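Chemist: Kindly return the folded structure for what I paste below:
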Amino acid sequence: MITQNPKEERTLLIVKPDGVKRGLTGEIISRIEQRGLKIIALEMIHATKEQVNDHYPKDPAWIKRLGEKSINTYKEHGMDPKAELGTDDPAKIGEFVRSWLLDFLTSGPVVKMVIKGIRAVAMVRKIAGQTMPTMAEMGTIRGDFSVDDAAAANRGKRAVHNIIHASETPEEAAHEIDFWFATDDIHDYKRAEEDIMF
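Modeler: Numbers count the residues shown, from 1 in each chain. The predicted model follows:
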């Protein structure tokens with residue numbers, strides 16, 4: 001049962017350092033706005049390790065899942081995680097991956113934004129494409145602008161360069177928006193074509 005007006009859904013999108021350095025911020029904003037979504041908060045920052053550390057979950061189960069995904073990637077590509085990383089413990093490998101994410105997100109400026117509109121969370125994730133760029137469909141941001149994959153990232157002991165972060169669920173979006181933005185930073189408005197589009 002929908003308890004909120006579908007037009008009121010909000011989500012968080014962060015253009016990661018690779019997207020900023022490649023000059024893709026304008027393209028990303030354009031794709032979001034062309035879809036009929038509105039950007040109601042926007043800021044470029046150089047995130048600190050503390051901010052990014054608090055952004056990503058610290059839950060041991062989440063970290064272990066990161067490690068399990070990496071182990072599966074190693075196996076799919078005929079790589080030995082123990083030979084590559086000195087361990088095959090998913091919890092330890094998950095900690096490595098999490099630290100690579102922190103290093104990546106603090107390696108340059110990022111652009112953070114709050115996006116609002118009908119099914120904003122799902123729409124932004126659809127525009128973004130699958131998390132792994134090599135699996136993302138053409139026509140999505142990741143499918144059009146990135147060719148990175150987990151095996152290359154793991155071999156380089158770094159995070160996957162996948163251009164953007166987008167909240168996965170409305171609950172995650174609410175938490176991330178509260179984390180990255182103060183209430184006074186968010187400015188709602190009515191788009192000129194809203195009455196025509198929906």
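
Chemist: Which residue is the nearest non-sequential neighbour of residue 37?
Modeler: Closest residue to residue 37 apart from its sequence neighbours, by Cβ to Cβ, 6 or more residues apart in numbering: residue 117 at 3.8 Å. Heads up, the C-betas are built off the backbone N, CA and C, glycines and all.

Chemist: where along this protein do the helices fall?
Modeler: Taking DSSP state H as the test, the helices found in the chain are 17-21, 25-34, 49-55, 60-76, 81-85, 90-105, 120-128, 141-145, 150-155, 170-180, 194-197.

Chemist: Give me the most central residue, this structure.
Modeler: For the chain, the residue nearest the mean C-alpha position is residue 165 (1.2 Å; Cα atoms, centre = their mean).

Chemist: Count the neighbours of the closest residue to that residue other than its chain neighbours for me.
Modeler: Nearest non-adjacent residue to residue 165, counting by Cβ to Cβ, 6+ apart: residue 14, 4.2 Å away. Neighbour count for residue 14, taken as other Cβ atoms under 10 Å: 23.

Chemist: and residue 14, what does it touch?
Modeler: The contact partners of residue 14, by Cβ atoms under 8 Å, 6 or more residues apart in numbering, come to 105, 110, 111, 112, 113, 164, 165, 166, 180.

Chemist: which regions of this protein lie under the pLDDT threshold?
Modeler: Applying pLDDT under 70 to the chain flags the ranges 1-3, 198.

Chemist: Now with 80, please.
Modeler: Within the chain, the stretches with pLDDT under 80 are 1-4, 6, 194-198.

Chemist: so what's residue 160 up against?
Modeler: Shown in contact with residue 160 (Cβ under 8 Å, 6+ apart): 131, 132, 133, 148, 149, 150, 153.

Chemist: Next, work out how far apart it and residue 142 are.
Modeler: Distance of residue 160 to residue 142, given as Cβ to Cβ, to the nearest Å: 10 Å.

Chemist: Common neighbours of the two, please.
Modeler: By Cβ under 8 Å, 6+ apart, the residues touching both residue 160 and residue 142 are 131, 132, 133.
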